[in-house]
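Engineer: need a 3D model of the following:
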Amino acid sequence: MPLKSLRSFVVAFAAASIIASSALAHFVWIETKPTDAGLLVRSGFGEIDGWDPDFIDRMANSTFWVRSATGMKPLSLPLDKKEAEYRATVADVHANAVLGATDYGIIAFGKSPPSHLRYTAKSFVGSPADWNDAKPTAELRIEVLAKLDGKNVALQVLHLGKPLAAAKIKAQTPAGDAVELLTDEQGTALWPTAGAGLYSLYVGTTTNTTGELNGKKFEALKDYATLTFVLP
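Structural biologist: The predicted structure is shown next:
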C-alpha cells in the first residue's frame, strides 16, 4: 500500500475507533429542573458530568414524551445548537417524568461485529411520592423503574417488558461516588440513598440478533437505559 494511502487508512481507522469507543462510553441523558417559566427539560449525549457536543447530531433520531398521571404525550424538544443539547421549557405542571428514545444507528465497537445501538432515557420530576413509576412504558425497549423504599431506592430493570436478570447497574451519587449494583432474577436491586441531590444510573444489554437498517447489516442489538432523579 502506498505511504499516502496507508496514512489515510490509519487516520480513518483511528477516527472510527474513537467514535466507536466514545459511543460505547457515552449515553443519552435527560435532566429536568423547575423554573418560574415552567419545567426546563434538557437532553444530551455523553456523561452525566458533561455532555459531548461532537456527537449531538447522532441524537437526531430521537422521540421525547412527558408523562403525567393521565398518561404519556409527545414532547417537542428542539436542538439548541449553541448549547449542543435538546432543550425546551414545558408548561405542564403535572408532569412526573420526561422520557426519551434514541435510535443511534449501526456502529462497530473495536473488533466486534456491527451492532444496532439504541438508547432510552428517563428523568423523574418532583418528589418520589409523585414518580408514579409502577408499570413498564410501552414506548421504551429498556427501562429502569424506581420508587423510594425507606432509605433505599428500589430499582427494577426491564427489557422488552420483562425483568433483566444479572444486569450491572452503574450509578453515581450526588457526591460523585460510583456505585455498582447487580439485579436479581426479577431484575431488581436496592440502591441506598446518600443524601440530597442528583442521582444518575445507566444499564445495558446485548442481544445476538441479526438484521439490516438503511442498507447496513448488523449482528447484535445493544440497548442502554439511563435514569436521573433528584432527592430533596
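Engineer: only C-alpha atoms for contact and neighbour calcs from this point on.
Structural biologist: Will do.
Engineer: all the helices of the protein, in order from the start?
Structural biologist: For the chain, the helices defined by DSSP state H occupy 3-25.
Engineer: any regions of it where pLDDT drops low?
Structural biologist: 1-25, 92-93 (pLDDT under 70).
Engineer: again, only using 50
Structural biologist: Where the chain drops to pLDDT under 50, the residues are 3-23.
Engineer: list the contacts of Val28.
Structural biologist: Applying CA atoms under 8 Å, 6 or more residues apart in numbering, we find Val28 in contact with 43-46, 102, 119-121, 226.
Engineer: is it bridged to anything, and to what?
Structural biologist: Phe45 (DSSP bridges).
Engineer: can you get me a residue count around Asp49?
Structural biologist: 7 (other CA atoms under 10 Å).
Engineer: now Ser62
Structural biologist: Ser62, neighbours per other CA under 10 Å, totals 17.
Engineer: what distance do you get for the closest residue to it other than its chain neighbours to Pro34?
Structural biologist: Excluding its sequence neighbours, the residue lying closest to Ser62 (CA to CA, 6 or more residues apart in numbering) is Thr102, at 4.2 Å. Counting by CA to CA, to the nearest Å, the separation of Thr102 from Pro34 is 24 Å.
Engineer: more neighbours: those two, which one.
Structural biologist: Taking neighbours as other CA under 10 Å, Thr102 and Pro34 compare with Thr102 leading, 21 against 15.
Engineer: do I have it right that the more buried one meets Thr63?
Structural biologist: Yes - with contacts defined as CA atoms under 8 Å, Thr102 counts as touching Thr63 at a distance of 6.6 Å.
Engineer: so how far is Phe218 from the spatially closest residue to Lys217 that is not a sequence neighbour?
Structural biologist: Setting aside the residues directly before and after it, Lys217 is nearest to Gly211 in space (CA to CA, 6+ apart), at 5.7 Å. Distance of Gly211 to Phe218, computed by CA to CA: 5 Å.
Engineer: who has more neighbours, these two?
Structural biologist: More crowded of Gly211 and Phe218, by other CA under 10 Å: Phe218, with 21 against 13.
Engineer: my read: that one touches Pro113, true?
Structural biologist: Yes - using CA under 8 Å, Phe218 is in contact with Pro113, at 7.2 Å.
Engineer: okay, buried residues for stretch 170-189 please.
Structural biologist: 170-174, 181-183, 187-189 (16 or more other CA atoms under 10 Å).
Engineer: quick check on Asp184: phi, psi?
Structural biologist: Backbone torsions of Asp184, given as degrees, to the nearest 10, read phi -90, psi -170.
Engineer: in contact with it, which residues?
Structural biologist: 165-166.
Engineer: on that earlier part again, can I get the contacts of Val28 in TSV with distance to Ala138?
Structural biologist: Formatted as TSV, those follow (distance: CA to CA, whole Å):
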residue	distance to Ala138
Ser43	21
Gly44	22
Phe45	23
Gly46	25
Thr102	15
Tyr119	14
Thr120	12
Ala121	13
Thr226	16
